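Visitor: Based on what follows, work out the 3D shape:
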Amino acid sequence: MKKYFAVLAMFSIFAFNLAAMAAAPLSTPESVTRAFYTWFIKHLADDDVYPLMDKSISRYVAPSTVDVLRSDYKANRFAEGAEYFTNVQDFDEKDWTDHMLVRPAMMLDDVALVAVTFGLASTRKTNVVFLRKINGVWKITKVVDTSDYR
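Guide: Below is the predicted model of the structure:
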């Protein structure tokens, strides 16, 4: 009987840790930012469906942000400018994925600001990602370029 309870206890601890690990990847503003850009860059490179139009984007981005950006995209307001989430027109997917630096979040009231830098020194690009908890889940609400205004 003791052996049964020991096995049951070990299984329970294992199951709890497994559940915690599954929940952990999107539990902080930093983890959401990293997961989003890993997903986004991969899907942008695949060229099957523009990631903004993929329903999976709602896992990372606030519904109101998705709605506004999809409306702009459908109205062809992205044609001349840089891509919204990267703030560039072209980049090296491998370089950006391999050299992504997600910095610790800075909190301003209920908004988290996460600076994320992509690429090596010669191709380096930094954006600030704004996130807010929506229904208990961190979601991207805005992305801002750190380059000087031109």
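Visitor: Need the nearest residue in space to the one residue sitting closest to the centre of the chain, chain neighbours excluded.
Guide: Closest to where the C-alpha atoms of the chain average out (Cα atoms, centre = their mean) is F36, at 2.3 Å. In this structure, F36 finds its nearest non-sequential neighbour in Y60, 3.9 Å apart by Cβ to Cβ, 6 or more residues apart in numbering. Bear in mind the C-beta positions are built from the backbone N, C-alpha and C, glycine included.
Visitor: tally of neighbours for the one you found?
Guide: 24 (other Cβ atoms under 10 Å).
Visitor: How about Y149?
Guide: Number of residues near Y149 (other Cβ under 10 Å) recorded here: 4.
Visitor: where does the residue nearest to the centre of the chain fall, phi/psi-wise?
Guide: phi -60, psi -50 (degrees, to the nearest 10).
Visitor: And the strands in the protein, which stretches?
Guide: With strands called from DSSP state E, the chain shows them at 100-102, 106-108, 111-118, 125-134, 137-145.
Visitor: Spit out the contact partners of the residue nearest to D54 when sequence neighbours are not counted.
Guide: Distances taken as Cβ to Cβ, 6+ apart place H43 nearest to D54, at 6.3 Å, with adjacent residues excluded. Shown in contact with H43 (Cβ atoms under 8 Å, 6 or more residues apart in numbering): 49, 51, 54.
Visitor: that older thread, wait, the residue nearest to the centre of the chain sits on V61?
Guide: Yes: with contact defined as Cβ atoms under 8 Å, F36 counts as touching V61 (7.2 Å).
Visitor: Between the two, which contacts overlap?
Guide: Joint contacts of F36 and V61 (Cβ under 8 Å, 6+ apart) are I140.
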